[in-house]
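Undergrad: show me how the following folds:
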Amino acid sequence: MTIVTAGPGVYGPDDIEGLLWFYDMHGYVVLRGMLAEADTAAIEAECVDAQQKVVSGELDDRYGSTVFLDEAAKADKFANYVEYISELSPAVDAAITHPVLIDIMKRLVGESCWIRAHDQNGVVYQDARPGKESGYTRIGWHSDWQASPSLDVWPSTAFTVHIDGTSPANGFLRVVPGSHLWATPAPYRNANGVSVPSTARPSGGRTDRTPPFEMPLGFEKIRGEVGVYAERGDIILHDAYLWHSAARATDDAALRRHVRGGYFGGVKPAAGVEEFIKNAAR
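TA: Residues are numbered from 1 along each chain as shown. Take a look at the predicted model:
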């Protein structure tokens with residue numbers, strides 16, 4: 001049995017009931033111990049190999065991305081992102097379809113839940129290093145629902161498989177616990193200045209409760225926010241309606257690499273129909 005050293009919001013595969021309780025209350029949770037070190041090492045090796053092949057041009061343009069970059073010009077020399085990584089990495093595919101994770105997702109978003117793996121950027125490998133070669137710095141406050149407020153794919157739970165542990169040195173997740181229970185308005189614009197479609201629903205959340213204050217577009221401190229730290233091999237789960245952002249690393253030499261994607265409980269769009277705001281903050 002894997003021994004899990006747990007802190008607040010950290011649960012192992014032997015306490016799924018506790019994990020679900022914490023998630024329902026706070027909108028996020030850390031799953032620790034599902035992946036062995038050998039699993040994480042394989043994910044790391046296969047993701048780094050794919051990243052190098054994106055830079056060298058050995059992979060189809062489908063797998064490279066400048067969509068989420070602050071400075072897209074740097075993508076010619078470095079790849080912060082590899083899209084559809086589960087198509088390239090058997091280790092990633094095994095992790096995101098692990099029976100424990102699927103069981104959790106079914107209980108969070110519905111028995112017929114599905115993973116977005118082969119459309120809308122798929123499952124993404126992200127190298128969030130802050131150094132001079134990087135086109136990424138940080139991501140402002142948002143909820144994932146705000147990226148597609150016109151769709152019926154919701155509810156959803158995002159997963160982030162951490163290759164590197166997180167800290168103030170290499171950056172970390174900021175969340176507002178319980179904000180998934182608020183009916184967050186669809187913004188008139190997002191942090192990247194992208195217009196929200198006229199078909200967007202007015203708000204999204206697990207309840208119809210009005211948020212106690214407005215979500216900022218940038219990186220401001222929010223009342224009640226907490227930092228969520230992960231160890232290597234941890235999987236952070238968070239609700240699509242949860243307010244969250246990413247803090248910038250303080251050490252330019254630090255690495256923060258992870259694999260992220262999501263399971264959805266709503267209607268799966270027909271091929272070629274799903275709209276997506278490519279520049280939406282994440």
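Undergrad: helix or strand: which one has Phe159?
TA: Here Phe159, judged by DSSP states H and E, is contained in strand 156-162.
Undergrad: quick check: closest non-adjacent residue to His180.
TA: Nearest residue to His180, sequence neighbours excluded (CB to CB, 6 or more residues apart in numbering): Gly27, at 3.4 Å. Quick note: C-beta positions are derived from backbone N, CA and C, even for glycine.
Undergrad: so the one you found versus Thr184, what's the distance?
TA: For Gly27, the distance to Thr184 (CB to CB, to the nearest Å) stands at 11 Å.
Undergrad: mind listing the shared neighbours of these two?
TA: Here Gly27 and Thr184 have Tyr241 as joint contacts, going by CB atoms under 8 Å, 6 or more residues apart in numbering.
Undergrad: and those two? Which one has more around it.
TA: Gly27 (27 against 23; other CB atoms under 10 Å).
Undergrad: other SSEs contacting the helix or strand of the chain with the lowest mean pLDDT?
TA: Every helix and strand of the chain was ranked by mean pLDDT, DSSP states H and E. The lowest is strand 139-142, at a mean of 87. On a contact count with 3 or more CB pairs under 8 Å, 6 or more residues apart in numbering; DSSP states H and E, strand 139-142 meets strand 244-247.
Undergrad: so what touches the strand holding Phe159?
TA: Counting by CB under 8 Å, 6+ apart, 35, 40, 43, 92, 95-96, 101, 105, 108-109, 144-145, 173, 230-240, 257-266 sit against strand 156-162.
Undergrad: so the residue nearest to His180 is in contact with Trp182, correct?
TA: No - contact criterion CB atoms under 8 Å: Gly27 and Trp182 do not qualify, at 9.8 Å.
Undergrad: common neighbours of those two, please.
TA: Tyr241.
Undergrad: all strands for this structure, in order.
TA: 10-11, 28-31, 81-82, 114-115, 124-127, 139-142, 156-162, 172-175, 184-185, 203-204, 226-228, 235-239, 244-247, 257-264 (DSSP state E).
Undergrad: thank you kindly, that will do.
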